[in-house]
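**Student:** the following block contains a protein sequence and its predicted model.
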Amino acid sequence: VQLQASGGGLVQAGGSLRLSCAASGRTFSNYPMSWFRQAPGKEREFIAGVSWSGSRTNYADSVKGRFTISRDNGKNTVYLQMNSLKPEDTAVYYCARGGMRPDSSFDSWGQGTQVTVSS
């Protein structure tokens, strides 16, 4: 499977962005999906996961209440709606297939999309 992340950009603090991750193949709906991010000089961080059906979600404390993960299995796409963005949200954001928890096993990763939040 190939995962293509998009939607990143430059936004002012307090603003919003919606990231998308489009998957190739016909098995997208069989797998939970997650979003991670990695800021310069920091380790990759789990931020959100969604079950295969979209009925269950899981969030890191750092984004809970501000970010929303969702999916459209008909479009083979998972989304990350990011509101009330902060400068500390600046990072490269990656989508991954295989789980919805930080300790899950992920077998495919997108190429990443840059999010920059200015103060």
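**Tutor:** Happy to help now that I have it. Numbering: from 1, shown residues only.

**Student:** which ones are touching the most centrally placed residue in the chain?
**Tutor:** Among the residues of the chain, the one closest to the centroid is Trp35, at 2.8 Å (Cα atoms, centre = their mean). Contacts for Trp35 (Cβ atoms under 8 Å, 6 or more residues apart in numbering) come out as 19, 21, 46-49, 69, 78, 80, 93-96. In short, each C-beta sits where N, CA and C put it, glycine included.

**Student:** and what of Tyr93?
**Tutor:** Counting by Cβ under 8 Å, 6+ apart, Tyr93 has contacts 5, 8, 19, 35-37, 47, 80, 112-115.

**Student:** helix or strand for it, which one?
**Tutor:** strand 91-97 (DSSP states H and E).

**Student:** which SSE is immediately downstream of that strand?
**Tutor:** With secondary structure assigned by DSSP H and E, strand 91-97 is succeeded by strand 108-109.

**Student:** so for that following strand, mean pLDDT?
**Tutor:** Strand 108-109 comes out with an average pLDDT of 96.

**Student:** got the contact list for that strand?
**Tutor:** 1-3, 94-98.

**Student:** so how far is it off the chain centroid?
**Tutor:** 12 Å (Cα atoms, centre = their mean, to the nearest Å).

**Student:** quick one: strands adjacent to that strand?
**Tutor:** Next to strand 108-109 in the sheet, as set by DSSP bridges, lie strand 91-97 (antiparallel).

**Student:** centre of the chain versus the strand it pairs with, how much separation?
**Tutor:** Counting by Cα atoms, centre = their mean, strand 91-97 comes out at 5 Å from the chain centroid.

**Student:** average pLDDT across that strand?
**Tutor:** Averaging pLDDT along strand 91-97 gives 97.

**Student:** give me the number of neighbouring residues for Val63.
**Tutor:** Residue neighbour count, defined by other Cβ atoms under 10 Å, stands at 23 for Val63.

**Student:** likewise Gly7?
**Tutor:** By other Cβ under 10 Å, the residues close to Gly7 number 16.

**Student:** picking that back up, the residue nearest to the centre of the chain belongs to a strand?
**Tutor:** Yes. Under DSSP: H, G, I helix; E, B strand; the rest coil, Trp35 falls within a strand.
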